[in-house]
Structure formats: structure tokens, C-alpha cells
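*Asks:* sharing a model prediction with you, sequence too.
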Amino acid sequence: MNPTILAIESSCDETSAAIIKKGKVLNNIIATQSVHENYGGVVPELASRAHQQNIVPVVDEALKSAGVSKNELDAIAFTQGPGLLGALLVASSFAKSLAQGLNIPLIGINHMQAHILAHFIEEPRPKFPFLCLTVSGGHTQIVLVKDYLDMEVIGETQDDAVGEAFDKSAKLMDLPYPGGPLIDKYAQDGNPEAFAFPDSEMQGLNFSFSGIKTAFLYFLRDRKKKDDQFIEKNINDICASLQFSLIRMLMQKLKRASEELGIKEIAIAGGVSANRGLRDELTRLSTTKGWNIYIPDFQYCTDNAGMIAMAAHFKYLKGDFEDLRAVPQPRMKF
Ligand code: KG4
Ligand code: ZN
């Protein structure tokens, strides 16, 4: 079985479509919504409207650039959850209508599972079982991946996601949304030991990022009292130190999971896996810990339909389809 599938993603603020044919992702068209930049976060209502505007052109471009006609499609896949309800509704309604019109199967995809399956788009591919640190704007999880569609969350954040910690800290420094990539950029030229922030004391393999966020708020407030130019003068060192602390918290738990389970196949996925500090630290650990590490290509780190297409391929092979009553699941679990 070598299906040709159209996959659509609209769970947050990227409208994306991709075509997968014979297990190979042919393209990955992404329309990013810049409308949220001035609001310090994604505004759900504006996200839904932008998806409505973008979805037809994005799907059209995916079909055209792959040289695939609608009649050649074997299935339509869409992100079923987790995500923003109004945003998810756009791709799910579109996918259902198209699947019904073409009389082909419909495939519902779990967005977090797809982030992990992005590792199967290109070589090298991780070997089962592997551990995946999935870090995005909505999630921070350590996942034990036993097979393509057999995954278990063994640790996760009890409050904020690490991407949220990046973005909210950036907002405190008046940086536009999403602030994560900007903190990464400023951190490149900063000293990670210039300022110290406390780690959280979470049990087991779980994470907490609300403490560091509050500590960062008070830190900025105190320093600004003494010097109202403090942020401008120290932006590189502040970003490098904050990023260093966040990465240390992530790595502590990842190292622990690897030791407890005796697994040295280690992957990262999700938007925050684009972070250069995180990628460098993982590369360093691959030498000191003897890990085989898997870091996705930049275009497959943040939200994209290429990863939805890859997940859809595996679900198609299993015959795992949705019926036309399928609804979005904003809090979808594995
Ligand atoms: O996976 P994703 O695109 O969307 C969600 O499913 O949430 O992740 C978006 C998150 C945002 O919080 C963004 O700031 C963060 O990923 N991010 C980064 C970087 N690139 C994206 N955080 C730190 N450094 C980056 N280079
Ligand atoms: Zn995501």
C-alpha cells in the first residue's frame, strides 16, 4: 500500500498543508499568522479567521506544487487535537467536506504524536524504543515511543509549557510574540552564567515552569528599579541566562528518564526544539552520555502539515480512519 494523502494542520497559528506519496513527504506549505505579534500571544478568534482565509490557497498550493490532482488522493488527514477549538474546526470541517466529496477515507491526527513522527520524514530515523522530549508552546512531555503509533507520556509539565515560559518571559521584556526565537537569538551573544534563576523541585519526571516565570518577573522588576535601562543594556546576558536555566531543567529530567529506562535513543520535537541552545546541549550530551540523538530539520520543528502527513501515512497503513461525525478534540490525549 502506497497511499497519496493530503494533510492539513490548523491547531494553533499556522495554516499548513502537505502531500505525502508512497511514504515520502513531497512538500510542506505553511502560512504563518503575523496578526498575533502585537498581542503577546495567539488570539483564538483571530487565529480561526486567518485559518479560514488561508486554508483554500494553502491546500491549492500543496496540490499544485506536488503535481497531484484531487482525484489521485487516497485519503484526507487533519489535526484533530490538541489545540484551539475554533482553529481546529477549520481544518476538520474542510477535511470532512473534501473526504466526503471525493468519497475517500478521513484520518484524524494527534498533533503531539505528529510532532514526534516528524522524525520519520527524513534520515536518520530513531530506532524503537526511543525517548522523545516534546517541547512546544502548549506542551512539555517526555514520551516513551514504543512504535509509530504506540506512545506513552512518562513525564510532563504540571503547569506552564516551556514554550510558554519562553514567550511569557519575552513579553516581560516587551519583545513581540512569539518571543522564544528572539530569546534564542539574543542568547547567542550572551553569558549564560551572568544571572542565576532557581530550578523547580518537581517529583519524578515531571516539570514545572511557573516558578521560574515568577522569579524572572521579580528579577526584572528589582533590576529595573535600580536602572530603568537594565533590559536594554543586558538583553544578551538576560536571555542567555534564562535560556540556560530552562534548558538545564529540561535536560535534568531527560537524563533521568534515559538512566531509569536504560534508553540511549533520544529525540527532541516541537517548536522549542528549534532552539539552538537546546540543540547544542543535546549534541554535547550525545558525546558525554553516549546517546544517539535525533534533532528534526527546522521546518519540521514548529507546527507544519508535513508531520501530520507522516502520521497519516502510518494510520492509513493500519486502516485507522475516522467517520464523518469526527469532531475536534482540544484536549486530545495519545
Ligand atoms: O510546536 P509549536 O510551533 O506550536 C505549538 O504546538 O505550541 O511551538 C511553538 C513554540 C512557541 O512557544 C515558540 O516561542 C517556541 O515554540 N519556539 C522557540 C524557538 N522557536 C520556536 N522557543 C525557543 N527557541 C526557539 N528558537
Ligand atoms: Zn505544535
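*Replies:* Yes, it's here. Ligands and ions are numbered 1, 2, ... in the order given.
*Asks:* the strands in the stretch 201-334 of the chain, which residues?
*Replies:* 265-269, 292-294 (DSSP state E, counting those that start in this stretch).
*Asks:* ok, longest helix in the chain?
*Replies:* Assignment by DSSP state H gives helix 230-261 as the longest helix of the chain.
*Asks:* how close does residue 41 get to residue 80?
*Replies:* 23 Å (Cβ to Cβ, to the nearest Å). From N, CA and C alone the C-beta is placed, and that goes for glycine too.
*Asks:* kindly report the same for residue 192.
*Replies:* Taking Cβ to Cβ, one finds residue 192 at 39 Å from residue 80.
*Asks:* who has more neighbours out of those two?
*Replies:* residue 80 (25 against 17; other Cβ atoms under 10 Å).
*Asks:* setting aside sequence neighbours, what's the nearest residue to the more buried one?
*Replies:* In space, and not counting its chain neighbours, residue 80 is closest to residue 108: 3.6 Å by Cβ to Cβ, 6 or more residues apart in numbering.
*Asks:* doesn't the one you found fall inside a helix?
*Replies:* No. Assignment of residue 108 by DSSP: H, G, I helix; E, B strand; the rest coil gives strand, placing it outside any helix.
*Asks:* and it, how many neighbours does it have?
*Replies:* Neighbours of residue 108 using other Cβ under 10 Å come to 24.
*Asks:* and if you look at residue 79?
*Replies:* Neighbours around residue 79, by other Cβ under 10 Å: 31.
*Asks:* give me the three-state assignment for it.
*Replies:* strand.
*Asks:* my read: it touches residue 113, true?
*Replies:* No. Counting by Cβ atoms under 8 Å, residue 113 is not a contact partner of residue 79; they are 10.2 Å apart.
*Asks:* ok, the closest residue to residue 22 other than its chain neighbours to ligand 1 distance?
*Replies:* Excluding the flanking residues, the one nearest residue 22 by Cβ to Cβ, 6+ apart is residue 2, at 4.1 Å. Distance of residue 2 to ligand 1, computed by Cβ to the nearest ligand atom, to the nearest Å: 29 Å.
*Asks:* got the contact list for residue 2?
*Replies:* 21-23 (Cβ atoms under 8 Å, 6 or more residues apart in numbering).
*Asks:* so where does it fall, helix or strand?
*Replies:* Assigned by DSSP states H and E, residue 2 belongs to neither a helix nor a strand.
*Asks:* what does the stretch 51-200 of the chain put close to ligand 1?
*Replies:* Within the stretch 51-200 of the chain, the positions lying close to ligand 1 (Cβ under 6 Å from any ligand atom) are 136-138, 163, 166-167, 178, 180-181, 184.
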